[in-house]
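Engineer: need coordinates for the below:
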Amino acid sequence: MNESDEIQKLIDDISFRKSNSKDYKKMTAEKIGKELRDVMKFEQESFKKIEEFEKTQDNPDLIKYAKMICKNTTQREIAQIQEVYLEKIDEEYLKSK
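Structural biologist: You can find the predicted model right below:
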């Protein structure tokens, strides 16, 4: 597999996350916390791969696109999870009082 194919595969993986969103409102706070950690880890690993591509790849437009889609997709997912997570924590905290 050449490096352009590897970048495209990464872009496809990121796009799959976007199209395969989960219903966080049905999850427990613990499960949502795990999902948040997973998304953040995915984001870190994706940016690490993109940095490696920058060193070895000669397709700056594709790399720039990969960065943009990674940032936009993961940040949107993180914001969505955080919103639901905070609601769940508030619900559980208010119940226990």
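Engineer: so the residue nearest to residue 62 when sequence neighbours are not counted, which of the three states?
Structural biologist: Excluding its sequence neighbours, the residue lying closest to residue 62 (Cβ to Cβ, 6 or more residues apart in numbering) is residue 7, at 5.2 Å. Bear in mind the C-beta positions are built from the backbone N, C-alpha and C, glycine included. Under the three-state scheme (DSSP: H, G, I helix; E, B strand; the rest coil), residue 7 adopts helix.
Engineer: what about residue 7, neighbour count?
Structural biologist: 19 (other Cβ atoms under 10 Å).
Engineer: check contacts around it.
Structural biologist: 50, 53, 57, 59, 62, 63, 66 (Cβ atoms under 8 Å, 6 or more residues apart in numbering).
Engineer: change it to 7 Å
Structural biologist: With contact taken as Cβ atoms under 7 Å, 6 or more residues apart in numbering, residue 7 is in contact with 53, 57, 59, 62, 63, 66.
Engineer: now list the buried members of those residues.
Structural biologist: 53, 57, 62, 63, 66 (16 or more other Cβ atoms under 10 Å).
Engineer: what helix or strand is the fourth one located in?
Structural biologist: Assigning secondary structure by DSSP states H and E places residue 63 in helix 60-96.
Engineer: in that helix, what's buried?
Structural biologist: Within helix 60-96, the residues scored as buried using 16+ other Cβ under 10 Å are 62-63, 66-67, 69-70, 73-74, 77-78, 80-81, 84-85, 88.
Engineer: mind listing what the most centrally placed residue in the chain touches?
Structural biologist: Taking Cα atoms, centre = their mean, the centroid of the chain lies closest to residue 74, which sits 3.2 Å from it. Listed by Cβ under 7 Å, 6+ apart, the contact set of residue 74 reads 39, 42, 43.
Engineer: redo those as a markdown table? Include secondary structure and pLDDT.
Structural biologist: What follows is these, written out as a markdown table (DSSP: H, G, I helix; E, B strand; the rest coil; pLDDT from 0 to 100):
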| residue | secondary structure | pLDDT |
| --- | --- | --- |
| 39 | helix | 93 |
| 42 | helix | 94 |
| 43 | helix | 95 |
